[in-house]
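[1] I need the structure of the sequence given here:
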Amino acid sequence: MQFLAKIRGKIILSFLFGLAVVAVLAIVGDLSKMLEVLGSFQWWLVVPILLLTLMNYVLRFLKWHYYLKVVGNGAEQISRGDSAVVFVGGMSMAMTPGKIGEFLKSYLVNQLNGTPMMVTAPIVVAERVSDGLAMLILASLGVFFFENTFLRLVLLAILLAAVVLFVVVQWRALALRLIGLLGRIPFLTSRATHLRNFYESSYRLFSPRSTLLAVGLGLLGWSGECLAFFLVMLGLGFPPSLLLLVQCTFILATSTLVGSVSMLPGGLGAADSSIGGLLLVAVQGITSATASAATLLIRFCTLWFGVTLGLVTLFVFRKRFDGPAPHGQGQAEAGPPKSTLDTAGSIR
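    Just a heads-up that it's a prediction; the model follows:
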């Protein structure tokens, strides 16, 4: 599979970076003490933890498949099975900087039925934004509890950025004028049609109805991972309480946002240090070894679990995406007239 060969080096580097993060956590948490903590973990809880993570993946897949219907222009014709393969395969790219590698999903859809990549690429952006808003809502549950001015400012900045994005995308006259100005730049002149494709899909994806549905699915899905983190803490010996659940929700949501904003591969380093640091600040009586162990457990059961599923899926179905992409399959439906969309445009 040609595209796997091209990104293999980047994936290997990301995994090496991940090992380095694990090594740092081991040093900070004192390896011998951390291993002792892990030895006392109730490992049977890994099953419900992974099931909650899978629940998040299923809900995120439903959002992805819904988005394909929203953008149309051929994307809506992909079968649910192929859509699932593309979505899960895309999770392998979580280890790329800023998850930009998840645009691989647009490439895979293009390989399946010829839908232009600029039609489906905005879906990846919409996924990130809706997930970010969902995590922002979850994080806000504990922001007043911790009374940290810096964290409040960070969350407020993310919210304002999202509002600006929605306004610009939905203010059609302004957006089209900006596209026209960009089209005058020599480098972008030949890509003006691709920019229009990208915008038309973005306009639909960020409509109030689509956004509310996507954020709702995100809230349900990411709540599952927050509950999974709560189970990790229970498995490490902490007594169950509403306070602990709120703490886990706030810590995981905030750390995930920090990891996303950092643009690091999989949020490595940024998200991990945030989880460990916030645990030490928020949870009374927790040790560095326990905080490091909890960080490793939740990251392996979420980030690394998803990456592994993605890589296995790409390998199993690699032949499905070989060969030249088909062209012109059912891309005349939905959306603006053909004159506004270049149904053959794609990024290579």
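[2] Quickly find the element holding Ala126.
    helix 117-146 (DSSP states H and E).
[3] who are the neighbours of that helix, in terms of helices and strands?
    For helix 117-146, the contact count by 3 or more C-beta pairs under 8 Å, 6 or more residues apart in numbering; DSSP states H and E identifies helix 46-71, helix 104-113, helix 149-170, helix 192-205, helix 208-235, helix 242-262 as packing neighbours. For every residue, glycine as well, the C-beta is placed using N, CA and C.
[4] So for that helix, what gets flagged as buried?
    Residues 117-127, 129-140, 142-143, 146 are the ones in helix 117-146 that count as buried (16 or more other C-beta atoms under 10 Å).
[5] Ok, stretch 58-69 next?
    Quick answer for stretch 58-69 (16+ other C-beta under 10 Å): Leu59, Arg60, Phe61, Leu62, Lys63, Trp64, His65, Tyr67, Leu68.
[6] Quick check: the fourth one touching Gly216?
    To tie it back to what came earlier, the one meant is Leu62. No. The criterion here is C-beta atoms under 8 Å, and Leu62 misses it with Gly216 at 10.7 Å.
[7] So for the two, which residues contact both of them?
    Residues touching both Leu62 and Gly216 by C-beta atoms under 8 Å, 6 or more residues apart in numbering: none at all.
[8] one step back: turn the helices and strands packed on helix 117-146 into CSV, including distance to Lys319 and mean pLDDT.
    Shown next, in CSV, are the helices and strands packed on helix 117-146 (distance: least, C-beta to C-beta, whole Å; pLDDT from 0 to 100):
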stretch, distance to Lys319, mean pLDDT
helix 46-71, 22, 92
helix 104-113, 11, 79
helix 149-170, 37, 68
helix 192-205, 29, 66
helix 208-235, 31, 91
helix 242-262, 33, 84
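[9] a markdown table for the ones you listed, including distance to Ser273?
    As requested, the helices and strands packed on helix 117-146 are exported to a markdown table (distance: least, C-beta to C-beta, whole Å):
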| stretch | distance to Ser273 |
| --- | --- |
| helix 46-71 | 21 |
| helix 104-113 | 28 |
| helix 149-170 | 14 |
| helix 192-205 | 32 |
| helix 208-235 | 16 |
| helix 242-262 | 8 |
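[10] Of these, which is nearest Gln77?
    helix 104-113 (6.0 Å; C-beta to C-beta).
[11] Tell me which helix or strand Gly306 sits in.
    Here Gly306 is assigned to helix 305-316, by DSSP H and E.
[12] Dump that helix to PDB, keeping only the CA atoms.
    The C-alpha trace of helix 305-316 is given here as PDB (Å, rounded to 0.1, in the frame of the first residue of the first chain):
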ATOM      1  CA  PHE A 305      -5.700   1.300  21.800                       C
ATOM      2  CA  GLY A 306      -7.200   3.400  19.000                       C
ATOM      3  CA  VAL A 307      -3.900   3.700  17.100                       C
ATOM      4  CA  THR A 308      -3.500  -0.100  17.300                       C
ATOM      5  CA  LEU A 309      -7.000  -0.700  16.000                       C
ATOM      6  CA  GLY A 310      -6.400   1.700  13.100                       C
ATOM      7  CA  LEU A 311      -3.100   0.100  12.100                       C
ATOM      8  CA  VAL A 312      -4.600  -3.400  12.100                       C
ATOM      9  CA  THR A 313      -7.500  -2.200  10.100                       C
ATOM     10  CA  LEU A 314      -5.300  -0.500   7.400                       C
ATOM     11  CA  PHE A 315      -3.200  -3.700   7.200                       C
ATOM     12  CA  VAL A 316      -6.200  -6.100   6.900                       C
END
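[13] Make 7 the first number, not 1, from now on.
    Okay, residue one is now 7; in that scheme the one you just asked about reads as helix 311-322.
[14] buried set for it?
    Buried-residue list, helix 311-322, by 16+ other C-beta under 10 Å: Phe311, Gly312, Val313, Leu315, Gly316, Leu317, Thr319, Leu320.
[15] Number of residues surrounding Leu226?
    A total of 16 residues lie near Leu226 under the criterion other C-beta atoms under 10 Å.
[16] Quick check: the gap between the residue nearest to it when sequence neighbours are not counted and Ser38.
    Leaving out its chain neighbours, the residue that sits closest to Leu226 by C-beta to C-beta, 6 or more residues apart in numbering is Leu65, at 5.5 Å. Remark: distance between Leu65 and Ser38 (C-beta to C-beta, to the nearest Å) = 39 Å.
[17] Then Ile84?
    51 Å.
[18] circling back: I'd like to know which of the buried residues of stretch 64-75 is nearest to Gly241.
    Distances from Gly241 to the buried residues of stretch 64-75, taken by C-beta to C-beta, are shortest for Leu65, at 23.7 Å.
[19] Next up, the contacts around that closest one.
    Leu223, Gly224, Leu226, Gly227, Gly230.
[20] can you pull the contacts of Thr308?
    Thr59, Glu231, Ala234.
[21] Can you add distance to Thr293 and neighbour count and give those back as CSV?
    Shown next, in CSV, are the contacts of Thr308 (distance: C-beta to C-beta, whole Å; neighbours: other C-beta atoms under 10 Å):
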residue, distance to Thr293, neighbour count
Thr59, 26, 21
Glu231, 24, 25
Ala234, 22, 26
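[22] Make TSV out of these and add distance to Ile292.
    Shown next, in TSV, are the contacts of Thr308 (distance: C-beta to C-beta, whole Å):
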residue	distance to Ile292
Thr59	23
Glu231	20
Ala234	18
